[in-house]
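Engineer: How does the following fold in three dimensions:
(chains A, B, C and D)
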There are 2 protein chains.
Amino acid sequence: MPTIKDVANLAHVSVATVSRVINNKGYVNEETRDMVLHAIDELHYIPNELARSLFKKQSRMIGVIMPHMTSYYFAELLEVIENFTIEHDYHIMVCNSKDDWMRESIFLKVFQQYNIDGIIIISNTSRITDYQNLNIPIITIDHKLSEMIPSVSSKNYEGGKLAANKLAATGCKKILHFRGPSVLPTVQARSRGFDTVLNQKNIIYQNHDLDFKSPDPDAIWKAIKENPDADGIFCDSDVMAIHAFQALESINRRIPDDVEIIGFDNIEMAHLFSPKLTTISQNKEFIGRYAVETLLDLINGTQPKKMHYQVDVDLIERETTKKS
Amino acid sequence: MPTIKDVANLAHVSVATVSRVINNKGYVNEETRDMVLHAIDELHYIPNELARSLFKKQSRMIGVIMPHMTSYYFAELLEVIENFTIEHDYHIMVCNSKDDWMRESIFLKVFQQYNIDGIIIISNTSRITDYQNLNIPIITIDHKLSEMIPSVSSKNYEGGKLAANKLAATGCKKILHFRGPSVLPTVQARSRGFDTVLNQKNIIYQNHDLDFKSPDPDAIWKAIKENPDADGIFCDSDVMAIHAFQALESINRRIPDDVEIIGFDNIEMAHLFSPKLTTISQNKEFIGRYAVETLLDLINGTQPKKMHYQVDVDLIERETTKKS
DNA sequence: TTGTAGGCGTTATCAT
DNA sequence: ATGATAACGCCTACAA
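Structural biologist: Numbers count the residues shown, from 1 in each chain, chains lettered A, B, ... in the order given. Below is the predicted model:
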């Protein structure tokens, strides 16, 4: 690997001059610039980012912590994040926390070691401990770490309301809500929205807590069999909805005539099924972009206008609900 | 951020001594070690990895290039890769090539800039150009870049044979093969295995090329409708299989009685459908681990025993094929 | 307009 | 057993 010194030698100038041309900074004669450029070209010189980072105390790297990478929602988020970081000439170091805060805090250390410029945390667990005395900008997706740390997430409360209103409008009398772990703020928000509407309208409902990563199919089957009079189902993820689907089919209940289903996320698979799944869509594209751009602003010293941004969700009506 | 110098000052020793204790290298008195450790603790000192990397010319970072991140197969691969790199105290910089070799070659430059220690490339396009004069160890997944660059992939040829044999054994007379782009080596291998068996047994088959990332549903529907006599379907991905599924259902063909289906990959969703999908399973866990460990060997100077490792595939018989 | 030199935080080679 | 000190590759006052 050629260094800036090699270039300087070949171009018969000092390293300072070379540095000026590669950074387009300070005065430099057109002719000498050409010579330098020529030398750079000839040697296939690429500036060493580590040396640069060491000096500038910033690395053009963004750390990303995710609870896992194999669920579609997270994978798409990651894709969007990578997209926009690259666009701004940043790169991402990706870490899988597995929802384990021990791992998380190790990653935080690693990020410091590498002079990471900013951190995006997608997480469920919300431990505030280590984040406080970390002087690296952070933005979180899908949960609030503290009032002081900016976040972005879907309007989960609205999502819950949207689903409840739809189900109510089509005449459901008894609804099953298969939700995520109720300790999660996102789940709580959805539930609150959902319950509020249903209580208002005096519609009966039941909540069942399930794991997001791999919801237990048996629990879903059991709940469905035990409630043959249920005529509406709301799931906190599309994957849960697919499970509900299978259970319903196995006992010959027609969808949406006997039972309606609404999912959450709008993953790609959602419209591969037949009947196609009605679902609450999360705008992952927007969330990812907002996270990256806000973080970059933070890195450059400008505070976000909104500390906790809430992104609109949409009810995507497909074939598992009746027309209202 | 405290530096090694701060620690040295606080412990009343030289930076050299501090360096010795944090690296467990060279002689250092027990008492002074304690003092240093104490100082480290008090200052919450973490060694700066960039400075280290600069000196050692290695960064403990692995670069990962993937064609995209939202398909389940790739996402799971990434998860496994992250898992094992972390286990060996390495970290990953992830880049999305979008199957674009221009982007790929930019990433290669970036990797050099960061003194990345090794590269894992999951890719379809195989351009050898830039890789040659790159003196960073590389391993590729799912395709051979050149004879000299180690790779790992599934036994795609065997996978094709497995599917063909199963379909033949259950009495299929006319088979549709929905495959990936036939320019891809993986697809070619599967086709060769598949065709070989079928030709031998004089079974009729048709190939249809589709995109992996988002296979055109209409093409699948069209092929299925135009071939009402087809009684077997082999798909190069489970997602394609799901599409075939829907098409078949829409024209009231029973699975597996009228038509059998075999997919490829064994993604998590594959057993969420009913009937559950029979498929050729790729051992992503093994592939990912092998890639990481072989790359680490390469980094440490030991050549792999096998230049191009082929991983076993399995036929997972579920409900979309008849018992044979 | 250009060059000199010190420093970013570590490690490793010398002496001592 | 410990301490100076010269790298690693780059950037930026400051001087010229």
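
Engineer: Just give the number of residues close to the residue in the stretch 101-250 of chain A that chain B sits nearest to.
Structural biologist: Proximity of the stretch 101-250 of chain A to chain B (Cβ to the nearest Cβ) peaks at residue A:113, 3.8 Å away. The C-beta positions use only the backbone N, C-alpha and C, and glycine is treated the same way. When neighbours are counted by other Cβ atoms under 10 Å in any protein chain shown, residue A:113 registers 19.

Engineer: Return the residues in contact with it.
Structural biologist: Contacts of residue A:113 were listed using Cβ atoms under 8 Å, 6 or more residues apart in numbering or on different chains, and they are B:46-50.

Engineer: ok, the residue nearest to residue A:136 when sequence neighbours are not counted - contacts?
Structural biologist: Of all residues not flanking residue A:136 in the chain, residue A:119 sits nearest, at 5.7 Å (Cβ to Cβ, 6 or more residues apart in numbering or on different chains). Neighbouring residues of residue A:119 by Cβ under 8 Å, 6+ apart: A:62-65, A:108, A:111, A:136-139, A:295.

Engineer: at 6 Å instead, please
Structural biologist: Neighbouring residues of residue A:119 by Cβ atoms under 6 Å, 6 or more residues apart in numbering or on different chains: A:63, A:111, A:136, A:138.

Engineer: confidence score at the residue of the stretch 101-250 of chain A closest to chain B?
Structural biologist: Predicted confidence (pLDDT) for residue A:113: 96.

Engineer: could you measure it against residue B:48, distance?
Structural biologist: 6 Å (Cβ to Cβ, to the nearest Å).

Engineer: do residue A:101 as well
Structural biologist: Separation of residue A:101 from residue B:48 (Cβ to Cβ) stands at 24 Å.

Engineer: quick one: which of these two has more around it?
Structural biologist: Taking other Cβ under 10 Å, residue A:101 and residue B:48 do not tie; residue B:48 has more neighbours (20 against 14).

Engineer: Inside strands: which ones of the contacts of residue A:119?
Structural biologist: A:63, A:138 (DSSP state E).

Engineer: Just the buried residues from the contacts of residue A:119, in ChimeraX please.
Structural biologist: Applying 16 or more other Cβ atoms under 10 Å in any protein chain shown to those, the buried members can be selected in ChimeraX as follows:
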select /A:63,111,136,138
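
Engineer: Format the contacts of residue A:119 as a markdown table; extra columns: distance to DNA strand C.
Structural biologist: Output for these, formatted as a markdown table (distance: Cβ to the nearest atom of the strand, whole Å):
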| residue | distance to DNA strand C |
| --- | --- |
| A:63 | 18 |
| A:111 | 14 |
| A:136 | 15 |
| A:138 | 21 |
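
Engineer: Just send the contacts of residue A:119 back as CSV, with distance to residue B:277 too.
Structural biologist: Formatted as CSV, these follow (distance: Cβ to Cβ, whole Å):
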residue, distance to residue B:277
A:63, 37
A:111, 40
A:136, 45
A:138, 41
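
Engineer: For residue A:150, state which of the contacts of residue A:119 is nearest.
Structural biologist: Nearest to residue A:150 among those is residue A:138, at 7.7 Å by Cβ to Cβ.

Engineer: What sits closest to that closest one if chain neighbours are left out?
Structural biologist: residue A:119 (4.7 Å).

Engineer: Let's see the helix or strand encompassing that neighbour as CSV, backbone CA atoms only.
Structural biologist: Using DSSP states H and E, residue A:119 sits within strand A:118-122. What follows is strand A:118-122, C-alpha atoms only, in CSV (Å, rounded to 0.1, in the frame of the first residue of the first chain):
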residue,chain,number,x,y,z
GLY,A,118,-22.8,7.7,15.8
ILE,A,119,-25.0,4.8,16.9
ILE,A,120,-28.3,3.5,15.8
ILE,A,121,-30.0,1.2,18.2
ILE,A,122,-32.9,-0.9,17.3
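
Engineer: Given it, what are its sheet partners and their directions?
Structural biologist: Sheet pairing for strand A:118-122, assigned by DSSP bridges, gives strand A:61-66 (parallel), strand A:138-141 (parallel).

Engineer: Which stretch among the ones you listed is buried most, on average?
Structural biologist: Most buried of the strands paired with strand A:118-122, by mean neighbour count (mean count of other Cβ atoms under 10 Å in any protein chain shown): strand A:61-66, with a mean of 25.

Engineer: what does that strand rub up against?
Structural biologist: By Cβ under 6 Å, 6+ apart, the residues outside strand A:61-66 that reach it are A:74, A:85, A:90-95, A:97, A:107, A:111, A:116, A:118-122.
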